[in-house]
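Student: everything below, folded, please.
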Amino acid sequence: MAEPLCNTAVKKCKETMPQTPIFSSMLGSSCSGQVQPDMGERCVDPVYQDGNLVSGSLEALIERLVPTMDYYPDAKLKSFAAKIIQLLKEWTETFPYDFQDEKSMKELKEIAHRITQCDEENGTVKKIISQMTQNLLMALSARSQYQEIREKFRQPVTDKGTILKTKTQSTQKDILSVCCDPLILAQQLTYIELERVSNIYPEDLMQIVSHMDSLDNHKCRGDVTKTYNLEAYDNWFNCLSMLVATEICRVVKKKQRTRMVEFFIDVARECFNIGNFNSMMAIISGMNLSPVARLKKTWSKVKTAKFDVLEHHMDPSSNFCNYRTALQGAAQRSQTANSNREKIVIPVFNLFIKDIYFLHKIHTNRLPNGQINFKKFWEISRQINDFLTWKQVECPFEKDKKIQSYLLTAPIYSEEALFIASFESEGPENHMEKDSWKTLRTTLLNRA
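Tutor: Residues are numbered from 1 along each chain as shown. Here you go, the predicted structure:
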């Protein structure tokens, strides 16, 4: 249905990560592993459990949908037409890109024309289909405009010689000169997160599944325009992590650097309280980068109790069990919330993507008897539906253009520049660091 991911986008999903425990209990051992279907054991009729379809052969499912002289999926043709309209409505709203080419749009119009003939008396169906088509065209237009407004990728600063000349200036702008309130900065980060999440659609997430199927068939079509939303959001996470590291490493005086570290710890904590786990993880990742983590003299002055709590929440052991517990708590709060502020749930996007990836990778599309494994697809659908619910929350915080402009456009250091700034702040302490510092200085001199 959706175009496959390009190789660069899927590499991150291929890192080994334990499977979410709930998956095994829901899907059962019989549908895990690469089991070849036994075509001879196929059941004719679909299998239902508690009123829900759990498996069935593709032929039987199609047969249930095709009217014959003696059988209608619904006794009343108009009721059947209403269900077809509902299907088309959900399809066009959830996967509008399926209808972006002329052929698909033409087929949609042909189906719609046939359905309207069943309700020529009052024209109700015609009005519904007209509204559905209009909404589809608006959705395609909006997404097309978003694709055209390409995000301005900031260029990492690599000329460290120029940086060092201006580093000691007291007038140098930093995040604290723009916003010194951790709560306000956390709110502006949440605003940016929700803005980016709103441009991710189910079909974007299905790229993961499509790309895996493509790789299994030794194909990779790698349409960059199809993965732009995912890549732009992933790029935002990386930029935020590097911005945090840059803001810390660029500070000359240890006292001010300590204040900067404690400020970002407070921002990460406020993000956690809001339910913005993605920004929280990005900030923690930035402070755990080697150029920042090696600043022992700075960290010795930092009150690390708050940071230890944050790291506990993001502890990767047991498949990020602590984080998943916190996420579940935020999701439950969101369900019973009366205000948009309490409804905010922004998961760690990389972990969310990996869950879908491994769910699809580990469990087969068909059961051993050849029937379609509906439990697998129900679980994928449940996770995507949760994400859709969270992304529809309207941000309760007002946009601060000055703060957001800084967050989105402030220069960030490259990894090399971060190490140089780090060594300039606190000199190398062991042979490995001394060798690295010597190599970096030689590289810098050669460039000059």
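Student: which strand in this protein runs the most residues?
Tutor: Longest strand of the chain, by residue count under DSSP state E: strand 52-56.
Student: what residues of that one count as buried?
Tutor: 54, 55, 56 (16 or more other Cβ atoms under 10 Å). Where you see a C-beta, it was placed from the backbone N, CA and C, and this is true even at glycine.
Student: cool, and stretch 426-436?
Tutor: Neighbour-count burial for stretch 426-436 [16+ other Cβ under 10 Å]: 426, 428, 433, 436.
Student: the residues you listed: which two are farthest apart?
Tutor: Spanning the widest gap among the buried residues of stretch 426-436 are 426 and 436, at 13.3 Å by Cβ to Cβ.
Student: quick one on the thing from earlier: and which of the buried residues of strand 52-56 is nearest residue 85?
Tutor: Of those, the one sitting nearest to residue 85 (Cβ to Cβ) turns out to be residue 56, at 24.0 Å.
Student: so the closest one versus residue 368, what's the distance?
Tutor: According to Cβ to Cβ, to the nearest Å, residue 56 stands 14 Å off from residue 368.
Student: do residue 108 as well
Tutor: Taken as Cβ to Cβ, the span from residue 108 to residue 368 is 37 Å.
Student: who has more neighbours, these two?
Tutor: residue 108 (19 against 15; other Cβ atoms under 10 Å).
Student: the more buried one against residue 99, yeah?
Tutor: Yes - assessed by Cβ atoms under 8 Å, residue 108 is found in contact with residue 99 at 5.7 Å.
Student: A helix includes residue 271, no?
Tutor: Yes - the assignment for residue 271 by DSSP: H, G, I helix; E, B strand; the rest coil puts it in a helix.
Student: residues of stretch 250-270 that come out buried?
Tutor: 250-251, 257-258, 260-270.
Student: where do the strands of this structure begin and end?
Tutor: Counting by DSSP E, the strands of the chain are 47-49, 52-56, 372-373.
Student: quick check: mean pLDDT of stretch 378-391?
Tutor: For stretch 378-391, mean pLDDT rounds to 91.
Student: who touches it?
Tutor: 23, 26-27, 52, 194, 197-198, 200, 202, 205-206, 209, 331, 334, 344-347, 352, 355-356, 359-360 (Cβ atoms under 8 Å, 6 or more residues apart in numbering).
Student: put the buried members of those into a ChimeraX selection.
Tutor: If you want just the buried ones from the contacts of stretch 378-391 in ChimeraX, going by 16+ other Cβ under 10 Å, the selection is:
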select :23,26,27,194,197,200,202,205,206,209,331,334,344,345,346,347,352,355,356,359,360
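Student: hang on, the earlier thing: distance to residue 174 and pLDDT for the buried residues of strand 52-56 - can I get that in a markdown table?
Tutor: Shown next, in a markdown table, are those (distance: Cβ to Cβ, whole Å; pLDDT from 0 to 100):
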| residue | distance to residue 174 | pLDDT |
| --- | --- | --- |
| 54 | 56 | 74 |
| 55 | 58 | 75 |
| 56 | 61 | 76 |
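Student: nearest to residue 124 among those?
Tutor: residue 56 (32.8 Å).
Student: name the nearest residue to the residue most central in space within the chain, sequence neighbours excluded.
Tutor: By Cα atoms, centre = their mean, the mean C-alpha position of the chain lies nearest to residue 349, the distance being 3.7 Å. Spatial nearest neighbour of residue 349, excluding adjacent residues (Cβ to Cβ, 6 or more residues apart in numbering): residue 278 at 5.4 Å.
Student: surely the one you found and residue 351 touch.
Tutor: No - applying Cβ under 8 Å as the test, residue 278 and residue 351 come out as separate, 9.4 Å apart.
Student: in terms of neighbours, single out the busier of these two.
Tutor: Applying other Cβ under 10 Å to residue 278 and residue 351 shows that residue 278 carries more neighbours, namely 24 against 20.
Student: so how far is residue 254 from the residue nearest to the centre of the chain?
Tutor: 34 Å.
Student: what do you get for residue 423?
Tutor: From residue 423 to residue 254 the distance is 14 Å (Cβ to Cβ).
Student: residue 346 now?
Tutor: Residue 346 is 34 Å from residue 254, where distance means Cβ to Cβ.
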